[in-house]
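K.L.:
Below are the sequence and a predicted model for it; my questions follow.
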Amino acid sequence: MDAPLLKERERATFNVTELIHLLNGSEEETKRRKELESWLYNNPVFRQDDRYQISREEVYERGLQKTRELVNLCRRKNIKFDSLDFARLNISTLEELPFFLHVIMFIPTIRGQGTEEQKRKWLPLAEDLKILGTYAQTELGHGTFLRGLETKATYDVSSREFIVNSPTITSMKWWPGGLGKTCNYAVIAAQLYTKGKCYGIHMFIVQLRSLEDHKPLPGVTIGDIGNKYGFHTVDNGFLRLDNVRIPYENMLMRYAKACDYIPPVNPKINYGTMTSIRVDLVKDASVILAAASTIAIRYSAVRHQTEIRPGEEPPVLDYITQQFKLFPQIATAIAFHFAGDYMHRIYDKVQSEIFDGHLSAITELHGISAGLKAFTTDTSIAGVEICRRACGGHGYSNASGFQRFYENWLGSATYEGENTVMYLQAARYLFKCYDNPKEAPETMSYLRYPQNKMEWNVKSADDVSNYATLITAFEQRALSKISSTAKKLKNLTHYGMNRNDAWNAASVDILHSIKAHCHYFIVKNYMQSLNHLKMSSPLRQVMTAVALLYANYGIDEHAGDFLESGFMNGKQINLVRAKILQLLKEIRVNAVAIVDSFDFDDRFLRSALGAYDGNVYNRLFKWAKLSPLNKTEVHSSYKYLRRILQSKL
Ligand SMILES: CC/C=C\C/C=C\C/C=C\CCCC(=O)SCCNC(=O)CCNC(=O)[C@H](O)C(C)(C)COP(=O)(O)OP(=O)(O)OC[C@H]1O[C@@H](n2cnc3c(N)ncnc32)[C@H](O)[C@@H]1OP(=O)(O)O
Ligand SMILES: Cc1cc2nc3c(=O)[nH]c(=O)nc-3n(C[C@H](O)[C@H](O)[C@H](O)COP(=O)(O)OP(=O)(O)OC[C@H]3O[C@@H](n4cnc5c(N)ncnc54)[C@H](O)[C@@H]3O)c2cc1C
């Protein structure tokens with residue numbers, strides 16, 4: 001163990017194991033997670049040290065090998081795909097495996113939108129991996145605007161079949177994970193046509209490849225869409241269907257019937273699978289940012305550079321600017337951890353209502369999950385990059401471990417709902433609640449009260465150490481944004497603009513309003529979660545400092561909003577900034593211990609900079625020697641170099 005990290009750990013003022021169990025939910029949860037991880041990480045197939053030295057095809061093939069190992073492990077240990085254990089395994093690999101969509105979207109769509117009979121037929125096949133499916137909704141021409149999707153499923157009454165067709169090039173399915181080479185089935189989102197009338201988007205199970213030789217079936221043109229920023233393991237694919245016939249029973253009909261069409265009670269119930277992934281992405285944002293913070297903090301405690309006082313080369317973690325970069329990332333990761341817990345609680349509650357036939361809460365769930373998905377993924381993507389940059393040159397090396405997180409996580413601003421669109425969807429719900437405050441859910445209860453102007457009763461740095469005053473600050477900032485935007489919308493329509501054009505004209509203000517609302521919710525939920533948790537006083541002291549940093553940092557980052565709201569003045573902003581510096585100093589002694597509490601296995605981080613023992617330089621050198629260029633002392637391309645060296649200008 002590298003001496004600096006040892007010293008850092010010895011200085012900690014709280015019990016790391018206590019925080020590990022708190023973040024995992026309990027000691028039993030920690031034990032179970034570590035047991036599952038040991039089964040995974042002890043398998044050589046999950047090697048990663050040559051990840052960046054192999055081709056895309058080898059990466060894809062490795063993905064299938066890992067899938068095989070993961071599936072065999074689940075079978076040996078009787079772990080079901082919809083179990084918490086599988087979810088733990090999934091995040092512990094954090095690999096975008098080619099069969100990923102089969103588990104997170106294909107099966108859940110059948111489970112959520114199939115009739116009992118359809119579930120009896122398809123779920124055993126899917127859960128036993130007799131068939132492998134993906135979720136094929138996005139098309140070349142449309143990903144966001146689902147009502148604009150062009151794939152058609154036309155009901156042929158005479159044969160009791162649907163004819164599924166891609167009428168144009170823009171109607172080709174494009175992006176679905178595993179579609180290119182892996183899956184032999186898909187749930188296809190298509191416009192249902194019956195008796196000459198279009199009834200909108202419904203979901204259809206379509207076989208794409210033979211179960212005998214995996215060749216594409218007649219009428220199916222299918223393949224990989226090519227290299228991307230990340231998700232290299234996944235064969236995101238394209239699919240064109242040329243009047244492919246499927247049985248009537250292949251339309252998922254829990255909520256709608258095709259023959260003599262019966263519409264769903266709420267047409268958006270077909271969008272339910274997307275909501276479930278958005279809910280997961282909130283917690284994923286916490287995990288990704290916690291992993292990046294772990295790498296950056298451990299490295300910053302080991303990396304000594306330049307001088308504060310002549311003759312002393314300190315760890316870069318002693319630079320206040322380094323703390324100002326990194327400690328808010330730790331705080332954000334923990335804030336999003338609690339937001340993810342909240343999202344899962346709400347999702348489970350609404351899901352049980354839906355299965356009892358009450359669909360009213362799906363609009364609220366959509367409004368909240370769309371906003372938090374956008375807010376947490378945007379923030380965590382930026383946070384990973386801050387962590388990477390804080391590691392200087394070695395942060396730019398693949399040996400740092402950042403690229404794996406960053407390249408896959410970048411997509412989260414787009415997949416499962418492009419973030420701007422998600423913000424606007426959440427805002428649509430927020431402004432509806434603003435106009436009808438009595439209908440506002442608990443997360444928007446502050447809209448119910450009269451918007452009386454308030455002043456922040458803050459006179460000293462101690463006042464910015466109070467959860468209630470900080471929550472009020474974020475509430476007033478959000479209210480100020482929402483009410484001024486509502487006024488703008490009212491004026492625009494008052495002077496003759498229709499509601500949609502007014503919405504578009506005010507959409508930048510609307511975006512600021514929903515982001516302020518999400519930020520308020522995250523702060524409030526974070527602090528209330530800590531208040532409800534039992535912990536020792538040393539740990540509570542640390543967690544309080546981190547939570548206060550999250551809130552005060554948020555005020556400093558958006559100082560203009562808080563001043564504009566009239567709720568705060570310049571002097572108070574300076575009190576906040578003074579508080580931030582005081583909190584950085586307080587957190588410094590525990591920084592390494594806090595990221596140790598995220599409890600990432602080295603084989604998950606795969607980082608020469610963030611390994612638990614801090615043995616950075618030997619790991620970097622060992623990794624560099626793996627470079628294919630180092631297979632020979634003189635590279636075979638020397639012949640070109642020699643000509644360059646011998647040529648005359
Ligand atoms: C390191 C990585 C780790 C983990 C990664 C894990 C997973 C991710 C990896 C890959 C998976 C990616 C898979 C995909 O991307 S699948 C495709 C995702 N696509 C989308 O999200 C499409 C986004 N577009 C839409 O959802 C819709 O088009 C829309 C933007 C919502 C607009 O729909 P539209 O029908 O036009 O509705 P509006 O006219 O705007 O009216 C809105 C109306 O409908 C209600 N609504 C909308 N959506 C939902 C929903 N999901 N649930 C419930 N209700 C919904 C909305 O509330 C509003 O209701 P009103 O009462 O106001 O009318
Ligand atoms: C890694 C990855 C995996 C994916 N996996 C799948 C999958 O398995 N299955 C699947 O079906 N799809 C998948 N997708 C597709 C993904 O869901 C879509 O790309 C996503 O929904 C965005 O849609 P789009 O590409 O049409 O973007 P667009 O909507 O075209 O976005 C382009 C720009 O237009 C703006 N814009 C669009 N509409 C509005 C609006 N109403 N108001 C304001 N601005 C707007 C957006 O903000 C954005 O800036 C995946 C995508 C990626 C990157």
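P.N.:
That came through, no problem. Numbering: from 1, shown residues only. Ligands and ions are numbered 1, 2, ... in the order given.
K.L.:
contacts and neighbour counts: CA atoms only from here.
P.N.:
Fine.
K.L.:
What does whatever residue of the chain ends up closest to ligand 1 show for phi and psi?
P.N.:
Proximity of the chain to ligand 1 (Cα to the nearest ligand atom) peaks at residue 417, 3.2 Å away. Here the main-chain torsion angles of residue 417 (degrees, to the nearest 10) amount to phi 110, psi 110.
K.L.:
try residue 224
P.N.:
Note on residue 224: backbone dihedrals following degrees, to the nearest 10 are phi -90, psi 140.
K.L.:
which residues touch it?
P.N.:
Residues near residue 224 by Cα atoms under 8 Å, 6 or more residues apart in numbering: 179-181, 235-238.
K.L.:
looking at it, the residue of the chain closest to ligand 1 is touching residue 142, isn't it?
P.N.:
No - here residue 417 lies out of contact with residue 142, judged by Cα atoms under 8 Å, at a distance of 11.8 Å.
K.L.:
tell me, what's touching these two both at once?
P.N.:
Shared contacts of residue 417 and residue 142, defined by Cα under 8 Å, 6+ apart, are absent.
K.L.:
the more surrounded of those two?
P.N.:
The neighbour comparison of residue 417 against residue 142 (other Cα atoms under 10 Å) goes to residue 417, with 22 against 18.
K.L.:
could you list every residue that touches that one?
P.N.:
Residue 417 is in contact with 144, 370, counting by Cα under 8 Å, 6+ apart.
K.L.:
at 10 Å what do you get?
P.N.:
Counting by Cα atoms under 10 Å, 6 or more residues apart in numbering, residue 417 makes contact with 143-145, 274-275, 277-278, 370, 373-374, 423, 425.
K.L.:
swap in residue 612?
P.N.:
Taking Cα under 10 Å, 6+ apart, we find residue 612 in contact with 1-2, 5-6, 294-295, 298-299, 592, 596, 599-602, 605.
K.L.:
Equivalent analysis for residue 592, please.
P.N.:
For residue 592, the contacting residues are 5-9, 11-12, 16, 293-294, 296-301, 317, 612, by Cα under 10 Å, 6+ apart.
K.L.:
can you tell me the helix or strand for it?
P.N.:
Using DSSP states H and E, the secondary-structure element containing residue 592 is helix 591-596.
K.L.:
Give the next helix or strand downstream of that helix.
P.N.:
Once the chain leaves helix 591-596, the next helix or strand it forms, by DSSP H and E, is helix 602-605.
K.L.:
so, in contact with ligand 1 or not, that next one?
P.N.:
No - between helix 602-605 and ligand 1, judged by Cα under 6 Å from any ligand atom, nothing touches; the nearest distance is 12.2 Å.
K.L.:
after that helix, next one along is what?
P.N.:
Next helix or strand after helix 602-605 toward the C-terminus (DSSP H and E): helix 616-624.
K.L.:
Not counting its own residues, what contacts that following helix?
P.N.:
Residues outside helix 616-624 that contact it (Cα under 10 Å, 6+ apart): 2, 49-50, 298-299, 302-303, 394, 397-400, 607-611, 630.
K.L.:
which among the residues you listed end up buried?
P.N.:
Neighbour-count burial (16 or more other Cα atoms under 10 Å) applied to the contacts of helix 616-624 gives 298-299, 302-303, 394, 397-400, 607-611.
K.L.:
what's the burial count for residue 267?
P.N.:
When counting by other Cα under 10 Å, one arrives at 14 neighbours for residue 267.
K.L.:
Most neighbours among the contacts of residue 224, please name it.
P.N.:
Of all the contacts of residue 224, the most densely surrounded is residue 179 (32 neighbours; neighbours counted as other Cα under 10 Å).
K.L.:
tell me the contacts of that residue?
P.N.:
Taking Cα under 10 Å, 6+ apart as the contact definition, residue 179 lies against 98-99, 101, 132-136, 173, 185-186, 208, 222-225, 234-239.
K.L.:
again, but for residue 560
P.N.:
Counted by Cα under 10 Å, 6+ apart, residue 560 has contacts 477, 568, 570, 573.
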